[in-house]
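K.L.:
Sequence and predicted structure, then a few things I'm wondering about:
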Amino acid sequence: MPRVTTKGQVTIPKEIREALGIEPGDEIAFEEVESGYRIRKKEPTTASGADPFEKHRGSADSEETMPERMRRLRGEFPRAVDDDPRDDDSETDP
């Protein structure tokens, strides 16, 4: 059974943290209900209370796969199959 420390802290049992998806750094909320209190994980918000990820929703809509998109963003392009450097004819054999 968890105990409250002199600083008012308590360790949430691992099974409960896992069930609620609580990870280090997450904020939780205590809500008063008729039978006592309910604990829940708070969703991330900005100082104004808005969802910090809302402006990014849908911005990755594309027909590209994630690896294709990452290669494009990094400026990496897959080499063609017939571009084998061992078959380079530009060098002459002595």
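P.N.:
Arrived safely, thanks for sending.
K.L.:
Go ahead and produce CSV holding the CA coordinates of the top helix by length along the chain.
P.N.:
Criterion DSSP state H: the longest helix present in the chain is helix 66-74. Provided in CSV are the C-alpha atoms of helix 66-74 (Å, rounded to 0.1, in the frame of the first residue of the first chain):
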residue,chain,number,x,y,z
MET,A,66,7.6,7.3,-44.2
PRO,A,67,11.0,6.1,-45.5
GLU,A,68,10.5,7.9,-48.8
ARG,A,69,9.5,11.1,-47.1
MET,A,70,12.5,10.9,-44.7
ARG,A,71,14.9,10.4,-47.7
ARG,A,72,13.3,13.3,-49.5
LEU,A,73,13.6,15.6,-46.5
ARG,A,74,17.2,14.6,-45.9
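K.L.:
Break down the protein into its strands, ranges please.
P.N.:
Secondary structure of the chain (DSSP state E): strands located at 28-33, 36-41.
K.L.:
Output those as JSON lines; include the columns mean neighbour count, distance to Ile16 and mean pLDDT.
P.N.:
All C-beta atoms are positioned from the backbone trio N, CA, C, and that covers glycine. Shown next, in JSON lines, are the strands of the chain (neighbours: other CB atoms under 10 Å; distance: least, CB to CB, whole Å; pLDDT from 0 to 100):
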{"stretch": "strand 28-33", "mean neighbour count": "10", "distance to Ile16": "10", "mean pLDDT": "90"}
{"stretch": "strand 36-41", "mean neighbour count": "10", "distance to Ile16": "8", "mean pLDDT": "88"}
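K.L.:
got those as CSV, with distance to Gly8 columns?
P.N.:
CSV is the format used below for the strands of the chain (distance: least, CB to CB, whole Å):
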stretch, distance to Gly8
strand 28-33, 12
strand 36-41, 14
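K.L.:
which one of these lies closest to Glu64?
P.N.:
strand 36-41 (32.9 Å; CB to CB).
K.L.:
Show me what the closest one packs onto, helices and strands only.
P.N.:
Of the remaining helices and strands, those touching strand 36-41 by 3 or more CB pairs under 8 Å, 6 or more residues apart in numbering; DSSP states H and E are helix 14-20, strand 28-33.
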